[in-house]
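**Q** Take this sequence and fold it.
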Amino acid sequence: MRDTSPCPPRPEAAALLDWYDRHARDLPWRVSPADRAAGVVPDPYRVWLSEIMLQQTTVAAVKSYFERFTQLWPRVQDLAAADDAAVMGEWAGLGYYARARNLLKCARVVTDVHGGVFPDTAADLQALPGIGPYTAGAIAAIAFDRPAPVMDGNVERVMARLFDIHTPLPAAKPELRAQVEALTPDHRPGDYAQAVMDLGATICTPKSPACGICPWRDPCRARINGCAADLPKKTPKKPKPTRHGHIYLGHRPDGALLLERRPDKGLLGGMLGWPGSDWDLAPEPAPPCAADWRDLGAELRHTFTHFHLILRVWVADLPDDIRPERGHFVARRDFRPSDLPTVMRKAFDLWKGNQG
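**A** Residues are numbered from 1 along each chain as shown. Sure thing, here's the model as predicted:
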């Protein structure tokens, strides 16, 4: 049985903010504590863009995408006016492609309905496409300094340890959110929200938390009870099923490649890729045109959030005058492998690796 008495003092925002002022991470979308104190106001567009990109993705993976997006489309109006295919191409490799489709929808609503100005409350932000409760709270707090509760994976871990909460995730979310709401201060709520996330990312890490240098060391109940490294508890995940499919890489003598734009809805929606079959337990071959398709002899394996995928890769030399039933030809000079989602780029790399 865990010892829960006497109850340690409640964590104070002031101690965490003092730590954040000295140790805040330098991120391309962030206004530093010093600059914020000097009156620099965060750009809601950059805050929103970073939060959408960071959903289910790491900071390290997002940095280069964020910098490229803000160079190409420095304002929300620029993104709203961008070509869909160009945006999807720049997003390729970041995953969860519904986010990119909603990114464009949201940019256009902000531009067309709100005059290019983001709403400044969590409730109004959540009414925009692609913005859920967490993202709305994060934008409201970070961009507009609203005392909105913000809870990502890092914050969940910090709260579970601070209050020694052993209810497994995701069932623990309401209990954890209640603690987040109770701790969120009216003073500097934007910096506070980022401070808790930084604490989870750099000190209160999933493995081997550095409790000795944590600004909330003394009030942390899990540290007192010796179980910080065991939290948060998580409900065991079900094993991922394995799906199978076929994929077809065809090219003409002039180097043009046969590609297709996937439907907007569904997995990899709106992305450029190679024609292929459905992904199921026993897929039927579905070549995009009649040709001498050859098995590349190399299995392509890829893992999505909810399943593993094994693709059989077929290649063919196609005549100049062929009219495919599916897809369209892209001139080799106009083709960028980086425009493809990761699984499609893997197929291209396998094909190139097996040539001559």
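**Q** what are the ranges of the helices in the stretch 101-250 of the chain?
**A** Counting by DSSP state H, counting those that start in this stretch, the stretch 101-250 of the chain has helices at residues 122-126, 133-144, 153-162, 173-183, 189-202, 221-224.
**Q** what's the angle from the second one to helix 189-202?
**A** I take that to be helix 133-144. 120 degrees (axes from the mean of the first three to the mean of the last three C-alpha atoms, to 10 degrees).
**Q** Please apply the same query to the third one.
**A** Helix 153-162 and helix 189-202 are oriented at 80 degrees to each other (the same axes, to 10 degrees).
**Q** Now do helix 153-162: which elements does it pack against?
**A** The contact analysis (3 or more C-beta pairs under 8 Å, 6 or more residues apart in numbering; DSSP states H and E) places helix 153-162 against helix 173-183, helix 189-202, helix 221-224. The C-beta positions use only the backbone N, C-alpha and C, and glycine is treated the same way.
**Q** highest average neighbour count across the ones you listed?
**A** For the helices and strands packed on helix 153-162, the largest average neighbour count (mean count of other C-beta atoms under 10 Å) is found in helix 189-202, namely a mean of 23.
**Q** Show me what it is in contact with.
**A** 13, 16-17, 19-20, 23-25, 30, 33, 36, 42, 59, 137-138, 141-148, 150, 152-155, 157-158, 184-185, 214-216 (C-beta atoms under 8 Å, 6 or more residues apart in numbering).
**Q** and with 7 Å instead?
**A** By C-beta atoms under 7 Å, 6 or more residues apart in numbering, the residues outside helix 189-202 that reach it are 13, 16-17, 19-20, 24-25, 30, 33, 36, 138, 141-142, 145-148, 150, 152, 154-155, 157-158, 184-185.
**Q** do stretch 205-220 as well
**A** Everything outside stretch 205-220 that qualifies as a contact, by C-beta under 7 Å, 6+ apart, is 8-11, 15-16, 19, 157, 161-162, 203-204, 223, 228-229.
**Q** from the residues you listed, which single one is nearest residue 319?
**A** residue 157 (57.8 Å; C-beta to C-beta).
**Q** quick one: contacts for the closest one?
**A** Applying C-beta under 7 Å, 6+ apart, the residues near residue 157 are 200, 204, 206, 232.
**Q** picking that back up, could the helices and strands packed on helix 153-162 go into a markdown table alongside distance to residue 294?
**A** Output for those, formatted as a markdown table (distance: least, C-beta to C-beta, whole Å):
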| stretch | distance to residue 294 |
| --- | --- |
| helix 173-183 | 50 |
| helix 189-202 | 48 |
| helix 221-224 | 58 |
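**Q** Dump these to CSV, plus mean pLDDT.
**A** Converted to CSV, the helices and strands packed on helix 153-162 look like this (pLDDT from 0 to 100):
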stretch, mean pLDDT
helix 173-183, 95
helix 189-202, 96
helix 221-224, 96
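**Q** Now residue 307. Its backbone dihedrals?
**A** phi -160, psi 160 (degrees, to the nearest 10).
**Q** any idea how far residue 301 is from it?
**A** From residue 307 across to residue 301, the span is 12 Å (C-beta to C-beta, to the nearest Å).
**Q** Then residue 235?
**A** From residue 235 across to residue 301, the span is 27 Å (C-beta to C-beta).
**Q** Likewise for residue 225?
**A** Distance, residue 225 to residue 301, using C-beta to C-beta: 42 Å.
**Q** between these two, who's got more neighbours?
**A** residue 225 (16 against 11; other C-beta atoms under 10 Å).
**Q** right, and the more buried one touches residue 164 too?
**A** Yes - at 5.7 Å, residue 225 counts as touching residue 164 under the criterion of C-beta atoms under 7 Å.
**Q** Just give the nearest non-adjacent residue to residue 332, would you?
**A** residue 255 (3.4 Å; C-beta to C-beta, 6 or more residues apart in numbering).
**Q** Other residues contacting stretch 241-250?
**A** 258, 274-281, 283, 285-288, 291, 293, 300, 307-316, 318, 347, 351.
**Q** Narrow those residues to those in helices?
**A** 347, 351 (DSSP state H).
**Q** Just the buried ones from the contacts of stretch 241-250?
**A** 258, 274-277, 279, 283, 287-288, 291, 293, 300, 309, 311-316, 318, 347, 351 (16 or more other C-beta atoms under 10 Å).
**Q** So which of the residues you listed are in strands?
**A** 258, 300, 309, 311, 312, 313, 314, 315, 316 (DSSP state E).
**Q** Retrieve the pLDDT associated with residue 118.
**A** pLDDT, residue 118: 97.
**Q** Tell me how far the closest residue to it other than its chain neighbours lies from residue 12.
**A** Leaving aside its chain neighbours, residue 118 sits nearest to residue 44 (4.0 Å; criterion: C-beta to C-beta, 6+ apart). Counting by C-beta to C-beta, the gap from residue 44 to residue 12 is 29 Å.
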